[in-house]
Every structure is written in structure tokens, then in C-alpha cells.
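Undergrad: Here you go, sequence then predicted model.
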Amino acid sequence: MIDYQAIDPTNAHQMAANAPLDELDVSNWHLFQAGAELPFFARLRRDDPVHFHPESRYGPFWSITRHEHLMEIDRDHRRFSSQDTITINDVFDEFEIASFIAMDPPKHDAQRKAVSPVVGPRNLAEMESLIRERVIDILDNLPLEQEFNWVERVSIELTTRMLATLFDFPYEQRHKLTYWSDINTLGPKSGLVATWEEAREELLDCLACFQRLFAERADPNHKGFDMVTMLAQNQKTRTMPPMELLGNVMLLIVGGNDTTRNSITGGVLALNQYPDEYAKLRQDRSLIPNMVSEIIRWQTPLAHMRRTALEDVDFHGKTIRKGHKVVMWYLSGNRDEAVFEDADRLIIDRGNARAHVSFGFGIHRCMGNRLAEMQLRVLWEEITKRFHWIEVVGEPVRTLSNFVRGYSELPVRVHAL
């Protein structure tokens, strides 16, 4: 049997190539923490792209690893449901938390529509100056030629400030938002709580906080263009039950936190791993918008989404049974050699970088994708005005998770122009 705790990037290729297919378990979080997961997904894409795992800590599930197959399932919500949960882990099912990403039409459509204007084109255009102002403030206060943790000083700080803006959340308490996000996605593995029961209590505190904001902003005399006000004043969402409110709040927090935060860190790491691309960026800043898409592809900040089969489905030679978990590994789709040449490399002028599936596909495509791209674009525009190089000076500390593909530490040193 594979000893997943003993795997590291130096032996991952050999272990993935030699292991029997029925021993592969790409859901094992030690693979992700070690940064050793990619060879295992490459093996599945090549030898069994629709792969059934009869046993895992999450029960039986299917792994979907090719780009074209992911898109097929993601747009087929009539046979593959998002209802109740969208991760491989069922741990929160007992808490009855619900959100529109874990719903099927028509309820999904109504709730998504209620909050989507806040990240619509008109509002984003008005938001760009605020993003730039906050990026400048963060970057101008970084220590030059001294080691610090990029995750804490930049990635978390920028996304936390933007979350406070999107919710019109008390700015001085903004770090509660990332605290709740980490507990929601990582539970005890976050190091913030010891058990899932403690995680539940912390999330109930989050609910109580947002119930107060919700009640204040439900008053039709309250004027605002934040996500809480939109939910509170929309006819189809203003009477949602408490656990549905909590689910939607957590969805919006996690969506605004983990994706952008870990792409900010992943971009710095990738450019250090591929210094020729960093040189290319210095020579041509007009590549930044395309580079942003390539960073999001390369990083894939959320490694998977899960669906549940509503009926028996014949899918590319396999029969997926009704009720089975179907895990779409976006990370693997973004490394599919049939779509992306030299897929493991960061190539900032890659012609089809926007073909990535990091934001999902179909009705559940991330509604905040343009906001995430804009934050990354503005950040790199301002970085290249100030710094010659953000040098990674130590190994990253990766998240212990098969869902959030992220980092808690990235030691760097910043060199001015």
C-alpha cells in the first residue's frame, strides 16, 4: 500500500507510476501538503480518467481528471446535482448549512441573481480605484531586503480588505472574515479549532454577526450596494432560514478569500520557479492580464468540486451509479496535456490560458471571477512599478487540504527597482 505520509516531490513520480491503480487515492491530503499530487493526477488522466475509488476516508467516489470530461459533468446539472454539498467531504451535512452553490435550479438561479450585481461590470469599474489604493498601501509598507511571510503581509491582507468592502463589514473587524473562512474550509486542520464541534460553534458566531447586519439592512430605508444588503432586501432571499444565510455568507467569504489569496501567493512562487517568465514580465508589462489567467490555471486555488449522480449514467465506458459522489478535479483538468502544452510550466503568454477551469463551468461558474482577475491584475501592475524581484527565500508551507490548494507561509525578500 502507498504510504502517503512518506511522499514528497522527489519520489512522487516513481510512486505514482508504479502503484496499482486501485491503490491510488488522490483525495489524500498529505499529497497536497507535500506538493506531490500532480504525478498522481497525471497517472489517472493517462490510464483511467474516469476512475472509481471504492474506499477512502470519504467513502466511495469517482475521480474525473480530464478537461473535456470535467466540462461535460459541470454543465450537466440535470444528471449531476450540486444539492447539499460541493466538496468530497460531507462533514457539514449534519449542520444543515446550505448555499446557492450547493443548490440546483431554480432556487440556485434566484439566490445567485440576488447578489451577482455587486460583482457586475459597472460596480467593478468603480471598485478598481479602491483596489489600487489598497494595493499601493500594502506594497508601500513592505520591508525592502528583509525576509517576511508574503501570505500574511500581502495575500491575506489584500483579500481581507476587499471582503470587508464587498460585505460592508466593520473594517476594524475584517480579519474575522478570513478566520471564519479558514475554519469553514479546513476545520481542525486550520489550527484554529480542535474539533468539528468547535468549528460549528465558531460558524454559529459568524451567523449571529451576519444576522445582526442582515436585520439592520433589511430596512428598505437602508441604502447600500453590498452583498448583505442585496440578500436582505431581495424578495427571494430576505426570508431565508438561518442556516441558509450562513451557507451563503460562507460561500461568498470563501469565494472571495481562498481563490484570490492563494493565486496571489502561487503567482510569486511560480515566477520564481520559472525565472525566464519573470524576465519576460519585466520586459513586457502588457502581458499581465494574460499572466493573471495563467497564474489562476497554474495554481488552481480550489482543487475540486463535487457532484452527486441523480441517476445511473454511462460515462465514457463506465457506469456511474445513482447516489455516487463524482469529484471533478479542476487541478487535473488544468494540467491536461491534451489542452495545455507543457502544462506543468507557468507560461505567462500562453495562448489559451483562459481555457482553464479554475472558476468552474456552466451555471455554477464563479460569479466573482472578474473581481479576482482584477485584484491580481492591479496587484501585478503595482508590483512591477516598484520591485525588480520578489525573491522566494524558503520553502512554502502548503495547506493540509484536498479542496483549498493554498499556502500558509511563503518566505520572501523584496528587491526594489
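TA: That came through, no problem. Remember, it's a predicted structure, so these values are computed and weren't measured experimentally.

Undergrad: what pLDDT, on average, does stretch 61-71 get?
TA: Averaging pLDDT along stretch 61-71 gives 97.

Undergrad: So which helix or strand of this protein has the lowest pLDDT on average?
TA: Among the secondary structure pieces of the chain, namely its helices and strands, helix 107-115 has the lowest mean (mean pLDDT, DSSP states H and E), a mean of 55.

Undergrad: The most far-flung residue of the chain relative to its centre and residue 233, how far apart?
TA: Relative to the centre of the chain, the most outlying C-alpha is that of residue 221, 35.5 Å out, by C-alpha atoms, centre = their mean. The spacing between residue 221 and residue 233, counted by C-beta to C-beta, to the nearest Å, is 10 Å. C-beta coordinates here come from the backbone N, C-alpha and C atoms, glycine included.

Undergrad: Touching, residue 350 and residue 294? I think so.
TA: Yes. With contact defined as C-beta atoms under 8 Å, residue 350 counts as touching residue 294 (5.2 Å).

Undergrad: More neighbours: which of the two?
TA: The neighbour comparison of residue 350 against residue 294 (other C-beta atoms under 10 Å) goes to residue 294, with 25 against 22.

Undergrad: Identify the residue nearest that one in space, chain neighbours excluded?
TA: Setting aside the residues directly before and after it, residue 294 is nearest to residue 353 in space (C-beta to C-beta, 6 or more residues apart in numbering), at 4.1 Å.

Undergrad: Retrieve the pLDDT associated with that neighbour.
TA: Checking the pLDDT column for residue 353, the value is 98.

Undergrad: Ok, residue 104 next?
TA: In this prediction, residue 104 carries a pLDDT score of 51.

Undergrad: Just want the phi and psi numbers for the residue farthest from the centre of the chain.
TA: The main-chain torsion angles of residue 221 are listed as degrees, to the nearest 10 and equal phi -80, psi -10.

Undergrad: Renumber starting at 235 from here on
TA: All right, first residue 235 from here; so that's residue 455.

Undergrad: That one and residue 470: what is the separation?
TA: As for residue 455, its distance to residue 470 is 21 Å (criterion: C-beta to C-beta).

Undergrad: now do residue 363
TA: Relative to residue 470, and taking C-beta to C-beta, residue 363 is found at 32 Å.

Undergrad: Mind checking the pLDDT average for the helix or strand that contains residue 417?
TA: Element membership of residue 417 [criterion: DSSP states H and E] is helix 409-420. In this model, helix 409-420 has a mean pLDDT of 87.

Undergrad: contacts for it?
TA: Residues outside helix 409-420 that contact it (C-beta atoms under 8 Å, 6 or more residues apart in numbering) are 390, 393-394, 397-398, 401, 403, 424, 426-427, 433, 436-437, 440, 443, 484, 487-488, 491-492, 495, 633-635, 637-638.

Undergrad: Could you list the buried residues of the helix or strand following that helix?
TA: The element immediately downstream of helix 409-420 (helix or strand, assigned by DSSP H and E) is helix 430-451. Residues of helix 430-451 classed as buried by neighbour count (16 or more other C-beta atoms under 10 Å): 433, 434, 436, 437, 440, 441, 443, 444, 447, 448, 451.

Undergrad: Thanks again, I'm all set now.
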